[in-house]
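**Q** From the sequence below, what's the structure:
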Amino acid sequence: MSLVTWKKEEGIAVITIDNPPLNVLNQQVQRDLKTIIEKIKTDKEVVCVVLTTAGNRAFIAGADIKEFPNMMGNPAMRENVMYMHDLLNRIDDLSKPTIAVLDGLTLGGGCELALTCDIRIAEKQVQIGFPEINLGLFPGGAGTQRLPRLIGEAKAKEMMFTGDPISAEEARNLGLVNRVVEQGKSYVAAMELARKIASKSLPALSRIKLAVDRGLELNLMEGVQYEATLFEEVFQTEDIKEGVAAFIEKRKPKFKHQ
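**A** Next comes the predicted model:
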């Protein structure tokens, strides 16, 4: 039985992780999620992705600590860790906008998964953090890499050094989440945003994501050159012809994502 399912709705892929009671990111969830991400990657009907979880106690409360004893002294431990990194990288590199729905505890591996998404919408009661230090560990799903790139070195270190969670409102102020909504409203808010994004041109959306993500790894002038390359590419698409024609004809464009 799969712990992760997905459906398509108006150009949106909705992924649901259902691993009660706290949707921990165990090895089966990782395998199931990886399989689905590979399907979505090549599905031409999908423009935007919404990542959500069942229940409302936790988005994901972290990794499955019950699996940790088997990792101690296991010669295949690094291989297992890199499998998780590969999964998270595939989500991060997906050429389609991604939105995480944070409706409950978002801790440890759950926060690391959320960080791979482009946009995060959190309910006001949500607590977000990295409690690994309380187990004598530290974030091992690239949390030490993605978090400081998003919110800065000092606050990222404080969160990981202390293990103390922050509120959704503080996370918004730090730029860790994009929006904070009332309890029970995160999925609706995410779908509204996803529908708006899905109405745009996928070739342009994909290149925006590439330009920003790759550009952050380059200096400014290198980033400008990379943007120019992508801008030249987008001018060769069918969608730009449709978009310009629709503007001139004063109508809504009908993008084919080509």
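**Q** Tell me where the model's unsure across the stretch 151-258 of the chain.
**A** Under the criterion pLDDT under 70, no range of the stretch 151-258 of the chain is flagged.
**Q** hey, where'd the helices end up in the stretch 151-258 of the chain?
**A** 153-162, 168-174, 186-198, 202-215, 220-234, 238-248 (DSSP state H, counting those that start in this stretch).
**Q** thought Ala189 was touching Val181?
**A** Yes: Ala189 is within contact range of Val181, at 4.8 Å (criterion: Cβ atoms under 8 Å). Backbone N, C-alpha and C define where each C-beta goes, glycine included.
**Q** Give me the common contacts of these two.
**A** Ile121 (Cβ atoms under 8 Å, 6 or more residues apart in numbering).
**Q** Checking the residue nearest to the spatial centre of the chain next. Helix, strand or coil?
**A** For the chain, Cys117 is the residue whose C-alpha lies nearest the centre (Cα atoms, centre = their mean; 1.5 Å). The three-state assignment at Cys117 reads coil, by DSSP: H, G, I helix; E, B strand; the rest coil.
**Q** Quick check: it vs Arg251, distance?
**A** Using Cβ to Cβ, to the nearest Å, we find Cys117 at a distance of 33 Å from Arg251.
**Q** now do Met82
**A** With Cβ to Cβ as the criterion, Met82 and Arg251 are 49 Å apart.
**Q** Gln145 now?
**A** Distance from Gln145 to Arg251, by Cβ to Cβ: 45 Å.
**Q** which one of those two has more residues nearby?
**A** Gln145 (13 against 9; other Cβ atoms under 10 Å).
**Q** My reading is that that one lies in a helix. Confirm?
**A** Yes: under three-state DSSP, Gln145 sits within a helix.
**Q** Please renumber the chain so that the first residue is 221 from this point on.
**A** Taking 221 as the first residue, the last one we looked at is Gln365.
**Q** check contacts around Phe451.
**A** Here Phe451 is in contact with Arg427 (Cβ under 8 Å, 6+ apart).
**Q** 10 Å - rerun?
**A** By Cβ atoms under 10 Å, 6 or more residues apart in numbering, Phe451 lies in contact with 424, 427, 431.
**Q** just those now: which is nearest Cys331?
**A** Nearest to Cys331 among the contacts of Phe451 is Ala431, at 25.7 Å by Cβ to Cβ.
**Q** what's the span of stretch 361-380 from first residue to last?
**A** 13 Å (Cα to Cα, to the nearest Å).
**Q** Next, the buried residues of that stretch.
**A** Of all the residues in stretch 361-380, those buried under the rule 16 or more other Cβ atoms under 10 Å are 361-363, 366-368, 371, 375-376, 379-380.
**Q** cool, stretch 450-463 as well?
**A** Going by 16+ other Cβ under 10 Å, stretch 450-463 has these buried residues: 450, 454, 457, 459-460, 462-463.
**Q** got the contact list for stretch 365-373?
**A** Contacts for stretch 365-373 (Cβ under 10 Å, 6+ apart): 305, 308, 312, 331-332, 334-336, 340, 350, 359, 362, 374-377, 379-380, 386, 391, 393-396, 436-437.
**Q** no wait, stretch 293-302
**A** Applying Cβ under 10 Å, 6+ apart, the external contacts of stretch 293-302 come out as 247, 250, 287, 290-291, 303, 309, 360-361.
**Q** now the end-to-end length of it.
**A** 16 Å.
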